[in-house]
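> quick check, what structure comes out for this input:
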Amino acid sequence: MKNVFTSLFLFFAVSMIAQVPKNVVVEHFTNTRCSICASRNPGFFTNLGNNPNVIHLAIHPSSPYSNCVLNQHNQLENDARTNYYNIYGATPRIVVQGASISATTNYGDASIFTSQSGQTSPFTVRTSLDVNGGQVIITVVVKTEAIHNFTDLKLFTAIAEDTVFYNAPNGENEHYNVFRESVFETEGKTITPSMMVGDSVMFTENIALDMVWDVNRISSISILQESGNKAVVQAATSRNQLFTATENIEIVPFKVYTVQNRLYFQADDTEVYQIQVFDLQGQMLRQLNSNDSEEWIFDDLITGTYLVRVQNEEKVWAKLWPIIN
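Residues are numbered from 1 along each chain as shown. Down below sits the predicted model:
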């Protein structure tokens, strides 16, 4: 078991010393009353299915159809994100890595995504979403992995619902990764990334939970972009940052979330778990055996990212968590 943890820790720590792979993100502008969308989206989703690492966010502008139900849920921010790329007026449209793709392009063409693969970034972005009562708690950590020249960047973070089941007038009945609400500004929050390799900046926001959302399907998507040309520097989704077991990503039998300097643990069963908190140098800072709900307060820890390790008799899970003090 010690060797398993060592491997997990090295996995998280190795990105501290060099540029890291840049994730590919596509923003998909569509409309539930658009018949052209219904005919073109299947090829687009097949393309996405063949590129499972691509992060997808669907935005529903009010043009050409203002009575789109998914637009009306948040018309202001759906339209604002569309206008950010100056593509308001027709659907479907896609924006890949911050660059708008011609409406005449075959969205099923694999090169749309493969041409963007293999690039690197000086930043890691980690985004997490946790629900606590009627609040959605979103935390974004931007970590500097390599030397860079960026003085300011735009950080756009959205709450998305992975599947909305709605029998739309255009014949589409399942709608994927639907934009629900901006966490910061629709054009992105201006941030100053750390110039020090290994250092991070962190942002946390609480958003009221909308009862229309399926709480089991919401996630956060963060896009870090250049301020001028809107090119994506890095992107992340909380769906890819679930607790990682020793073999695969899975639904875990417990809940862990942070609110500022508090870390909460809640088990879904009566099994005993060992919970440990490590700093990024590998030093264990806390340890607890629990099979119920626990709350820790980290008054003596500086603001930063920590590794939380959860273990039962069969498995080990690990995840990076932000602590704000």
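> please parse this protein into its domains.
The record's domain split for the chain, according to automatic domain parsing, is 16-240, 243-323.
> longest strand in the protein, please.
Taking DSSP state E as the criterion, the chain has its longest strand at strand 153-165.
> output it as CSV, nothing but the C-alphas.
Extracted in CSV, the C-alpha atoms of strand 153-165 (Å, rounded to 0.1, in the frame of the first residue of the first chain):
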residue,chain,number,x,y,z
LEU,A,153,-5.0,36.2,-18.0
LYS,A,154,-8.8,35.7,-18.2
LEU,A,155,-10.3,32.9,-16.1
PHE,A,156,-13.8,31.9,-17.2
THR,A,157,-15.5,29.3,-15.0
ALA,A,158,-19.0,27.9,-15.7
ILE,A,159,-21.4,25.5,-14.0
ALA,A,160,-22.6,22.9,-16.5
GLU,A,161,-25.1,20.1,-16.4
ASP,A,162,-23.7,17.0,-18.2
THR,A,163,-27.1,15.9,-19.6
VAL,A,164,-30.4,17.8,-19.8
PHE,A,165,-33.3,15.6,-20.9
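> could you point out the helix or strand that follows it?
Next along the chain after strand 153-165, taking DSSP states H and E as the criterion, comes strand 174-182.
> and that following strand, what does it pack against?
Using 3 or more C-beta pairs under 8 Å, 6 or more residues apart in numbering; DSSP states H and E as the contact definition, the elements that strand 174-182 packs against are strand 55-59, helix 75-84, strand 153-165. (Each C-beta comes from the backbone N, C-alpha and C, glycine too.)
> now for the ones you listed, which one comes closest to residue 108?
Residue 108 sits nearest to strand 55-59 of all the helices and strands packed on strand 174-182, at 14.3 Å, using C-beta to C-beta.
> and the closest one with strand 153-165, angle?
Angle of strand 55-59 versus strand 153-165, following axes from the mean of the first three to the mean of the last three C-alpha atoms, to 10 degrees, is 80 degrees.
> returning to what we had before: what mean pLDDT does the longest strand of the chain get?
What strand 153-165 shows for mean pLDDT is 95.
> tell me the centre residue of this protein?
residue 237 (2.0 Å; C-alpha atoms, centre = their mean).
> quick one: it from residue 72, how far?
In this view, residue 237 and residue 72 are 25 Å apart by C-beta to C-beta, to the nearest Å.
> if we can go back for a sec, for the longest strand of the chain, buried residues please.
Under the neighbour-count criterion of 16 or more other C-beta atoms under 10 Å, strand 153-165 has 153-162, 164 buried.
> which two from those end up farthest apart in space?
Of all pairs drawn from those, the greatest distance, 30.3 Å, lies between 153 and 164 (C-beta to C-beta).
> my read is residue 41 is in a strand, agree?
No - going by DSSP: H, G, I helix; E, B strand; the rest coil, the assignment for residue 41 is helix, not a strand.
> please verify my assumption that it contacts residue 172.
Yes - assessed by C-beta atoms under 8 Å, residue 41 is found in contact with residue 172 at 6.8 Å.
> quick one, which of these two is more surrounded?
residue 41 (23 against 20; other C-beta atoms under 10 Å).
> which neighbours do residue 41 and residue 172 have in common?
Shared contacts of residue 41 and residue 172 (C-beta atoms under 8 Å, 6 or more residues apart in numbering): none.
> the stretch 101-250 of the chain: helices as residue ranges?
111-114 (DSSP state H, counting those that start in this stretch).
> that one: strands as residue ranges?
Under the criterion DSSP state E, counting those that start in this stretch, strands of the stretch 101-250 of the chain are mapped to 120-121, 123-132, 135-144, 153-165, 174-182, 189-191, 200-208, 218-226, 232-237, 244-245.
> which stretch among those comes nearest residue 97?
When the strands of the stretch 101-250 of the chain are compared by C-beta to C-beta, strand 232-237 sits nearest residue 97, at 4.3 Å.
> re the thing from before, contacting residues for the residue nearest to the centre of the chain?
Neighbouring residues of residue 237 by C-beta under 8 Å, 6+ apart: 55, 127, 219-222.
> tell me which of those residues is nearest to residue 118?
Here the nearest of the contacts of residue 237 to residue 118, counting by C-beta to C-beta, is residue 55; it sits at 16.1 Å.
> hmm, back to that, ranking the domains of the chain by burial, who's on top?
The highest mean neighbour count among the domains of the chain, using mean count of other C-beta atoms under 10 Å, belongs to domain 16-240: a mean of 18.
> quick one: contacts for the nearest residue to residue 133 once chain neighbours are set aside?
Counting by C-beta to C-beta, 6 or more residues apart in numbering, residue 209 is the residue found nearest to residue 133 once chain neighbours are left out, at 7.9 Å. Shown in contact with residue 209 (C-beta under 8 Å, 6+ apart): 131, 133-136, 215.
> okay, residue 209: pLDDT?
Turning to residue 209, the model gives it a pLDDT of 93.
> many thanks, we can stop here.
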